[in-house]
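In: what follows is a predicted structure for the sequence shown.
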Amino acid sequence: MFESRKNGKRGDITGTRVKKASSQRILAQFGDQPAQSGYASVKSADREPQRLEERRIADNDAWAKNVLARKQPETEVNLKTSIVAGTSTLTSETVTSGLDLESNMMDVDELEHEGALARIQLRKLERRISYFTTDISTRFARLEGAVLQTVSSQGGTVPQTQPLLAPLVDRNQHKSITSASAISIPTTPSNLPMPSMTLTHGRSIPASEIFPGHLRILKLGDEELAVDQTAVPDPPAITFSQDLSALFTEWHCSDRLVVNGRGIPIKYWPLFYHSKHGIKCGAWKALRTVWGNWKFVVEERERHESDTAFWDIYSNNGTRLDYTAILLRLADSRAKQAEQDVKDAMRFFDNDLSCHNAGGAFTYKKKGGVTVLVSKPADISKNWRTYLANNPDAALAWHSMQDAQSTTGTPI
């Protein structure tokens, strides 16, 4: 019970502990404790350096010179001074093998530093030229846009481009200033003169020079544009409520948004800002409603032959309606059209939009695989028109039903 712990060791008797009675008895019985032996430092050498012989030193020097001579050929120091046409020219000195390795490394560092400075100055000059070119291109583009707008308003002929891009937004993006919102499909072909699609602004960076992780290839009509997604600017803060004629022109040809040296028409802005494309996801939330309203107005304009014909419809006693009044009228028109489309779809499918013949055109799946039937008039109208566009046989059958109805005179 009172035995000491095995492998235990008493502490050293030093300092004030020596004066204690117990320490005195231990020292009297066992004698003085042995002196501590020091340990060699791990940071110091355990032996003295030995002096090399002269022959060994000469061999080492010869070996070092041989190695340096293989890396850099020996040249002679040639310093000449000549005066040509009253101007003194000092020739450069060639570094010889007699110079030590440290001086050679310093020269290499100086050359690399000078090269880096030259590259920086070159990049600054290139940026200044690029900015200057972009500014000039922008000025010419605005002048071109003004000319195109004048020609369009006068009914002139402007080079045609491809038709509008297919709708890029889902049903949640067709919200206007009222809750009744539906898709307005032109019933007649558009006769609006459309200018060239894009404007050039300075140098366009090829896809090979864009970091692969940031590269996106976007389809603008029949053209492809390589885009660095980190270089896409924020949406321009613009409004067309006081100048709808500018909206009609810039929908197809605009320099408000410039990406990789190209002016982007307003109709293609969702490609850069819609969240599903993953380029600038946070911007579409603020732009969605504004862009959707622009789209409604432009689609209505393209149903008419000219700006004059459009304003003949949207005027009151010779006074043009303002932007808000036009949107209200368009929203009311879409609501009425959606209501009629719902009646047509229900009649065609015998009041059962979930029937087999519908092919699931009026249903969608929620999380968990639950199938749900669409209920909003705007959604039914959109799906009904899409169904007729994708099924020629069904469209022909529907036209036959309409013809038969008009012949018998029975109300639909």
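Out: Everything's here; your move. Residues are numbered from 1 along each chain as shown.
In: any weak-confidence spans in the stretch 201-350 of the chain?
Out: For the stretch 201-350 of the chain, the stretches with pLDDT under 70 are 201-203.
In: low pLDDT regions in the stretch 51-200 of the chain?
Out: Where the stretch 51-200 of the chain drops to pLDDT under 70, the residues are 71-111, 113, 130-131, 133-135, 137-142, 144-146, 148-200.
In: can you do 50?
Out: Applying pLDDT under 50 to the stretch 51-200 of the chain flags residues 74-99, 101, 156-198.
In: for D403, give its distance to L396.
Out: 11 Å (Cβ to Cβ, to the nearest Å). The C-beta positions use only the backbone N, C-alpha and C, and glycine is treated the same way.
In: make that A64, sorry
Out: Per Cβ to Cβ, A64 is found 94 Å from L396.
In: what's around H274, how many residues?
Out: Residues within reach of H274, counting by other Cβ atoms under 10 Å, total 21.
In: now it: how far from R262?
Out: Here the distance between H274 and R262 works out to 18 Å (Cβ to Cβ).
In: give the contact list for L321.
Out: When contacts are counted by Cβ atoms under 8 Å, 6 or more residues apart in numbering, L321 is found next to Y314, S315, R329.
In: is it true that the first one touches I326?
Out: Yes: at 5.5 Å, Y314 counts as touching I326 under the criterion of Cβ atoms under 8 Å.
In: which of these two has more neighbours?
Out: Taking neighbours as other Cβ under 10 Å, Y314 and I326 compare with I326 leading, 21 against 18.
In: separation between R256 and V297?
Out: To V297, R256 is 16 Å away according to Cβ to Cβ.
In: those two: which has the busier surroundings?
Out: V297 (21 against 16).
In: the more buried one reaches L328, doesn't it?
Out: No: with contacts defined as Cβ under 8 Å, V297 does not count as touching L328, sitting 11.9 Å away.
In: and the strands in this protein?
Out: Ranges of strands in the chain, per DSSP state E, are 81-84, 87-90, 215-220, 223-228, 258-259, 262-263, 315-316, 319-320, 363-365, 371-373.
In: could you chop this protein up by domain?
Out: In the domain annotation for the chain, the residue ranges read 135-313, 338-408 (automatic domain parsing).
In: ranking those by burial, who's on top?
Out: Mean neighbour count, computed with mean count of other Cβ atoms under 10 Å, is highest for domain 135-313 among the domains of the chain, reaching a mean of 16.
In: coming back round to it: for the contacts of L321, which one is nearest F240?
Out: Nearest to F240 among the contacts of L321 is Y314, at 14.4 Å by Cβ to Cβ.
In: distance of the nearest residue to that closest one once chain neighbours are set aside relative to L271?
Out: In this structure, Y314 finds its nearest non-sequential neighbour in L321, 4.8 Å apart by Cβ to Cβ, 6 or more residues apart in numbering. Shown here: L321 relative to L271, a distance of 31 Å by Cβ to Cβ.
In: what's the answer for T363, then?
Out: Separation of T363 from L271 (Cβ to Cβ) stands at 29 Å.
In: do the same with H304
Out: The gap separating H304 from L271 is 27 Å, by Cβ to Cβ.
In: and R385, by the same measure?
Out: Per Cβ to Cβ, R385 is found 23 Å from L271.
In: just the pLDDT for G8.
Out: G8 is assigned 57 on the pLDDT scale.
In: just M1 next, same as before
Out: At M1, the predicted lDDT confidence score is 52.
In: repeat that for P377.
Out: For P377, the pLDDT comes out at 91.
In: quick check, it in contact with Q337.
Out: No: taking contacts as Cβ under 8 Å, P377 lies outside contact range of Q337: 9.4 Å.
In: pretty sure W311 contacts R320?
Out: Yes: the pair W311 / R320 is scored as a contact, 5.5 Å apart, by Cβ under 8 Å.
In: which stretches in the stretch 201-350 of the chain count as helices?
Out: Using DSSP state H, counting those that start in this stretch, the helices of the stretch 201-350 of the chain run over residues 244-250, 270-273, 284-301, 307-313, 323-348.
In: so what pLDDT did N390 get?
Out: 90.
In: pull the contacting residues for it.
Out: Contacts of N390 (Cβ under 8 Å, 6+ apart): none.
In: the one 5 residues further on now?
Out: A395 sits next to L388, A389 when contact means Cβ under 8 Å, 6+ apart.
In: give me the pLDDT for it.
Out: For A395, pLDDT reads 89.
In: from M401, how far off is it?
Out: Taking Cβ to Cβ as the measure, A395 and M401 are separated by 11 Å.
In: what does T407 give?
Out: Distance of T407 to M401, given as Cβ to Cβ: 11 Å.
In: can I get the helices of the stretch 201-350 of the chain in CSV with distance to E223?
Out: Formatted as CSV, the helices of the stretch 201-350 of the chain follow (distance: least, Cβ to Cβ, whole Å):
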stretch, distance to E223
helix 244-250, 18
helix 270-273, 12
helix 284-301, 20
helix 307-313, 27
helix 323-348, 31
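In: right, and the ones you listed - which one's nearest E126?
Out: Closest among the helices of the stretch 201-350 of the chain, once you apply Cβ to Cβ, is helix 270-273, at 25.4 Å.
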